[in-house]
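Student: Model the structure of this input:
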Amino acid sequence: MPLEPIALETLEKRGLGLARCEDVVVARDGRVWASDQQSACAEILADGSLRRVGAAGGAPNGINMDAEGRILIANFGVYVGEDGPLQRLDTGTGTIEVLASEVDGQRLTACNYPTVARDGTIYCTHSTFAMPWPKALDGRTDGFVFRVTPDGAVEKLADGLKFANGCALDADESYLYVCQTAGGNVVRFPVEADGRLGAMEPYGPVLGTFPTAQADPDNLPTPADMADWPYTDGCAFDVEGNLWVTLPAANKIVAITPAQEMVTLIHDPTGTLMNDPTNVSFGGADMRDVYFGSIATDYVLKGRSPVAGMKLAHQR
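Tutor: You can find the predicted model right below:
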């Protein structure tokens, strides 16, 4: 069925008081968690209050969940001048475990987003080694993807990415899709039989028009001026194979259809409600609850999707 846009006014704020709530993950039992710089992650309770758990340090960024209900945290530590490892949070005890702090002898500073395969393998993006990190929006290709296997082995799988950001496996785990923020697009890698990745290829179009000069992150234009900027951030699949992608500078959510065409789903031209959306996540009994994280607000947004989201490995 064709994807219908979601009316902006139907979105509601959830989890007021969150700090740098980049992402949301919904557990198999329906509990909703958001990344939170004041702790590690915070559970958004039914009454709207928060239950903060753990102390991750750095800047908790993209989050996901393993089959045991532990939350994987890609820490974008470079945001605050710290290391940025891949971590795992025990939501019961608050214990933080470091799963990967370096790859090929390089210290991790900007882990961005983890996703989990059915066999428990974790694929994680690392955006850049630029300091400060916004320099990486010049198009340099120091982003990469690494994996952590169930036995704990850490291995780089692909590099040469223009600020590797959100990522997602498709329904049969035949491809890993990665948002290239500085490329304004999504690329994908075939997943080989041994879990390694094949050659990178573009998936869908560039999702807008780049500005004529690199923006100063401390002095950005108006939302109207950025309404077509294509910088991609997070992504997630629905059950019909549409890949939902957040465009934070444009305050926009789009989807790349299986025909690799772009459809706009939500746009807040003023950034009043949806401001700098960074990730999209699905949950609920029918998988039609949809959540949007943001690093610019102290809340996440919740809406209803016209199509059910694809269940992640921990939700199946």
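Student: C-alpha only now, for contacts and for neighbours.
Tutor: Fine.
Student: ok, which stretches of the stretch 51-200 of the chain are strands?
Tutor: Under the criterion DSSP state E, counting those that start in this stretch, the stretch 51-200 of the chain contains strands at 60-65, 71-75, 86-89, 96-100, 102-103, 106-107, 111-116, 122-126, 143-148, 154-161, 164-169, 175-180, 185-190.
Student: Now do the longest one against strand 185-190, angle only.
Tutor: Counting by axes from the mean of the first three to the mean of the last three Cα atoms, to 10 degrees, strand 154-161 lies at 140 degrees to strand 185-190.
Student: residue ranges with poor pLDDT in the stretch 1-150 of the chain?
Tutor: Across the stretch 1-150 of the chain, the ranges flagged by pLDDT under 70 are 1.
Student: ok, back up a step: rebuild the strands of the stretch 51-200 of the chain as TSV, extending it with distance to Glu43 and mean neighbour count.
Tutor: Listed next are the strands of the stretch 51-200 of the chain as TSV, based on distance: least, Cα to Cα, whole Å; neighbours: other Cα atoms under 10 Å:
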stretch	distance to Glu43	mean neighbour count
strand 60-65	13	30
strand 71-75	11	30
strand 86-89	12	25
strand 96-100	16	18
strand 102-103	29	16
strand 106-107	30	12
strand 111-116	19	29
strand 122-126	22	28
strand 143-148	26	23
strand 154-161	29	18
strand 164-169	21	28
strand 175-180	26	25
strand 185-190	30	22
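Student: Save those as a markdown table, and put in distance to Ala199 too.
Tutor: Compiled in a markdown table, those are given as follows (distance: least, Cα to Cα, whole Å):
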| stretch | distance to Ala199 |
| --- | --- |
| strand 60-65 | 24 |
| strand 71-75 | 24 |
| strand 86-89 | 24 |
| strand 96-100 | 24 |
| strand 102-103 | 20 |
| strand 106-107 | 23 |
| strand 111-116 | 19 |
| strand 122-126 | 16 |
| strand 143-148 | 12 |
| strand 154-161 | 8 |
| strand 164-169 | 15 |
| strand 175-180 | 11 |
| strand 185-190 | 6 |
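Student: Pull out the buried positions in stretch 50-60.
Tutor: Residues of stretch 50-60 classed as buried: Leu50, Arg52, Val53, Gly54, Ala55, Ala56, Gly57, Gly58, Ala59, Pro60 (neighbour count, 16 or more other Cα atoms under 10 Å).
Student: What is the nearest of those to Pro221?
Tutor: Within the buried residues of stretch 50-60, the smallest distance to Pro221 is 25.4 Å, found for Ala59 (Cα to Cα).
Student: Which residues are in contact with the closest one?
Tutor: When the contact criterion is Cα atoms under 8 Å, 6 or more residues apart in numbering, the partners of Ala59 are Arg20, Gln37, Asn75, Phe76, Gly77, Val78, Tyr79, Val80, Gly84.
Student: Would you mind measuring from the second one to Asp23?
Tutor: Between Gln37 and Asp23 the distance, using Cα to Cα, to the nearest Å, works out to 11 Å.
Student: So those two - more neighbours on which side?
Tutor: Taking other Cα atoms under 10 Å, Gln37 and Asp23 do not tie; Asp23 has more neighbours (29 against 22).
Student: pretty sure that one is touching Asn279, no?
Tutor: Yes: with contact taken as Cα atoms under 8 Å, Asp23 and Asn279 are classed as touching, separated by 5.4 Å.
Student: Can you tell me the closest non-neighbouring residue to Asn242?
Tutor: The shortest distance from Asn242 to any residue that is not its chain neighbour, by Cα to Cα, 6 or more residues apart in numbering, is 4.5 Å, and that residue is Thr257.
Student: give me the number of residues near Gly17?
Tutor: By other Cα under 10 Å, the residues close to Gly17 number 16.
Student: Contacts only, for the residue found closest to it once you drop the neighbours it is linked to in the chain.
Tutor: For Gly17, ignoring the flanking residues on the chain, the nearest one in space by Cα to Cα, 6+ apart is Asp298 at 5.1 Å. Neighbour list for Asp298: Gly15, Leu16, Gly17, Leu18, Ala19, Arg20, Cys21 [criterion: Cα under 8 Å, 6+ apart].
Student: For the second one, which three-state class applies?
Tutor: Meaning Leu16. At Leu16, secondary structure determined by DSSP: H, G, I helix; E, B strand; the rest coil is coil.
Student: State the distance from it to Gly69.
Tutor: Relative to Gly69, Leu16 is positioned 24 Å away (criterion: Cα to Cα).
Student: Also the last one?
Tutor: Cys21 sits at a distance of 19 Å from Gly69 (criterion: Cα to Cα).
Student: who has more neighbours, these two?
Tutor: Here Cys21 and Gly69 are set side by side on neighbour count (other Cα under 10 Å), and the busier one is Cys21, at 32 against 17.
Student: That's all I had, so thanks and see you.
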